[in-house]
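Student: return atomic coordinates for the entry below.
(chains A, B and C)
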Amino acid sequence: MSTNEKGGLLLLDIYAVLLEKQGFQDWWPGDTNLEICIGAILTQNTAWGNVEKAINNIKKESLMSLDALLNAGEKKIATLIRPAGYFNQKAKYVYGFCKFIKTSPFKELKKNELLKTRDALLAIKGIGKETADSILLYVLDYPIFVIDAYTKRIFSRIGVCNENMDYDDMQNFFYRNLIIDVELFKDYHAQIVTLGKGSCRKKPKCENCVLRARKICSYGLN
DNA sequence: CGCCAGGGCCTCA
DNA sequence: TGAGGCCATGGC
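Tutor: Predicted coordinates:
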């Protein structure tokens, strides 16, 4: 049903341009699996710069480990992650996630099937589809395509999908029109975020957009 | 100042 | 199942 089912070539073309112009992104930012997961939770509807401050606060007190965070407790975590916003909610989420990983370590999760693992993550309070998929892709190396606000904005501006598509619709669009490859999925999402933070902001800076330069996107040209 | 940032949960139709 | 309210800090 999609607007463009020759989109397979299109999506790969777009990635090629992004890779060429922005360079390989080598993502997700974070030193350890736990840090990636916490970053994924903290960045919900929040600027990454504020997430970095929060993560640095945790590291400064040497609390970036499962046992240390569980021992510190929700209140302490809330104090440390304050710069990331929604700190009371997120402290609960981080604590609950740590409790889950304590009983189901990453290595054990990896032995499970993809959908089973995804369901387990989604059952944790505070882990929705995007956060779960980020963990599945960047920590557990499952071939999952992450959808976020940048993805919706960029590809609806390009015109290959519309903004009323929900998460699953968007994700299926990418699955239908891309080859399934973990490393491609990792870097593609990273490229999308870089473009979204750079030129394809809510208030767009189309002048220096690499997709407009290649005539892939004509947003705002009438 | 107001707007925005790599969402998700809860509630109520 | 979908729309709306709520959560909150910091940069620009």
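Student: and A:I180, how far from A:T79?
Tutor: 42 Å (Cβ to Cβ, to the nearest Å). The way it works is simple: take the backbone N, C-alpha and C, and place the C-beta from them, glycine included.
Student: can you check A:N71 too?
Tutor: For A:N71, the distance to A:T79 - Cβ to Cβ - is 14 Å.
Student: what segments of chain A are helices?
Tutor: Counting by DSSP state H, chain A has these helices, from start to end: A:7-22, A:33-42, A:48-60, A:66-80, A:87-103, A:106-111, A:114-122, A:129-138, A:149-158, A:167-177, A:182-198, A:210-213.
Student: also compute the angle for the first one relative to helix A:182-198, please.
Tutor: Between helix A:7-22 and helix A:182-198, the angle formed by their directions is 60 degrees, by axes from the mean of the first three to the mean of the last three Cα atoms, to 10 degrees.
Student: okay, helix A:7-22 in PDB with CA atoms only?
Tutor: Below are the C-alpha coordinates for helix A:7-22, written out as PDB (Å, rounded to 0.1, in the frame of the first residue of the first chain):
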ATOM      1  CA  GLY A   7      11.500   2.700  -2.100                       C
ATOM      2  CA  GLY A   8      14.000  -0.100  -1.600                       C
ATOM      3  CA  LEU A   9      16.400   1.700  -3.900                       C
ATOM      4  CA  LEU A  10      15.400   5.000  -2.500                       C
ATOM      5  CA  LEU A  11      16.100   4.100   1.100                       C
ATOM      6  CA  LEU A  12      19.500   2.700   0.200                       C
ATOM      7  CA  ASP A  13      20.300   5.800  -1.900                       C
ATOM      8  CA  ILE A  14      19.400   8.000   1.000                       C
ATOM      9  CA  TYR A  15      21.600   6.100   3.300                       C
ATOM     10  CA  ALA A  16      24.500   6.200   0.800                       C
ATOM     11  CA  VAL A  17      24.300  10.000   0.700                       C
ATOM     12  CA  LEU A  18      24.100  10.400   4.400                       C
ATOM     13  CA  LEU A  19      27.100   8.100   4.900                       C
ATOM     14  CA  GLU A  20      29.100   9.900   2.300                       C
ATOM     15  CA  LYS A  21      28.300  13.400   3.600                       C
ATOM     16  CA  GLN A  22      28.200  12.700   7.400                       C
END
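Student: skipping its backbone neighbours, what lies nearest the closest residue to DNA strand C within chain A in space?
Tutor: Minimum separation of chain A from DNA strand C (Cβ to the nearest atom of the strand) falls at A:G85, amounting to 2.5 Å. Using Cβ to Cβ, 6 or more residues apart in numbering and skipping the chain neighbours, the partner closest in space to A:G85 is A:T46 (5.1 Å).
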